[in-house]
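Participant: My questions are about this predicted structure, shown below with the sequence.
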Amino acid sequence: MSRIGRMPITVPAGVEVKNDNNCITVKGPKGELTKQFSTELGIEIADGVVTVTRPSDDKKHRSLHGLTRTLIANMVEGVTNGYSKTLEIEGVGYRAAKSGNKINLNLGFSHPVVFEETDAIKLDIPQPNRIIVSGIDKQAVGQFAAEIREKRPPEPYKGKGIRYAGERIIRKEGKAGKGKK
C-alpha cells in the first residue's frame, strides 16, 4: 500500500466535504473547491475523516492512490488556511507597484509588465521588491507565481530578476581578466 495514500484526511471543524460519484466538493471559511477524481478509486467520507482506497495493486491504481489523497488534503488545507507564495524582485530599478486590482512591474523592459488579480488569486505588495500571491487553490497559486517569475527569471551572474523567497541562485564567475592563461 501507498504510505501517503492510506493516510486518513481529518476534516477540521467548519469544513464540509461532499462526494458525488468521485466529484469532491470542499467548502470552508475561505471558499469552495471542486475536483473530479478517477471513478476507479474509492473515496469514503465518514465522521470527519476522508479515506481513499484502491481496488487493486495495478500500476495505474498505485499511482493514482497517493495523488488523489494528496489533492484532497490540499483542497481541505486551501479552504481552511489558504496558500501563498512570496516572490522577491532583485535588481537596480526593478520594482512592483499595485494600482487597484493590477500590479505593474518595472523589470528593465521598455514597457511595464502588468498582471491582474483574478477571483481565485489575490496579489499583495508589502514592499516595492516583494510580491505575495495568495489563494485557496495550491496549483493555481503556484502557476500564477511561476508566470510572474517567468517574466524575468534570476540570472546567474549578478542574481538580478524575480525569485521565490528563500530560493538559492547558483552564481557563476564572470569572465577572467586579461593576461591570465
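Facilitator: Ah, there it is.

Participant: and Ser56, how many residues sit next to it?
Facilitator: Neighbours of Ser56 under the rule other C-beta atoms under 10 Å: 9. Every residue, glycine included, has its C-beta placed from N, CA and C.

Participant: Tell me the spacing between it and Ile4.
Facilitator: Distance of Ser56 to Ile4, computed by C-beta to C-beta, to the nearest Å: 18 Å.

Participant: before we move on, what about Ser84?
Facilitator: 24 Å.

Participant: any idea which strand is longest in this structure?
Facilitator: Counting by DSSP state E, the longest strand found in the chain is strand 83-90.

Participant: which element follows that one toward the C-terminus?
Facilitator: Tracing the chain past strand 83-90, the next element assigned as helix or strand by DSSP states H and E is strand 95-99.

Participant: who does that following strand touch, helix- and strand-wise?
Facilitator: Counting contacts by 3 or more C-beta pairs under 8 Å, 6 or more residues apart in numbering; DSSP states H and E, strand 95-99 is packed against strand 102-106.

Participant: Just list what the strand it packs on packs against, helices and strands only.
Facilitator: Going by 3+ C-beta pairs under 8 Å, 6+ apart, strand 102-106 lies up against strand 95-99, strand 113-116.

Participant: What residues sit buried inside that strand?
Facilitator: In terms of neighbour count (16 or more other C-beta atoms under 10 Å), strand 102-106 has its buried residues at Ile103, Leu105, Asn106.

Participant: The residue nearest to the spatial centre of the chain sits in which helix or strand?
Facilitator: The chain has Gly142 as the residue nearest its centroid, 2.7 Å off, counting by C-alpha atoms, centre = their mean. Per DSSP H and E, Gly142 falls inside helix 138-150.

Participant: how distant is the following helix or strand past that helix from the center of its chain?
Facilitator: Note on helix 138-150: by DSSP H and E, the next helix or strand toward the C-terminus is strand 161-164. Relative to its parent chain, strand 161-164 has a centroid offset of 15 Å by C-alpha atoms, centre = their mean, to the nearest Å.

Participant: likewise stretch 76-88?
Facilitator: Put simply, stretch 76-88 sits 7 Å off its chain's centre (C-alpha atoms, centre = their mean).
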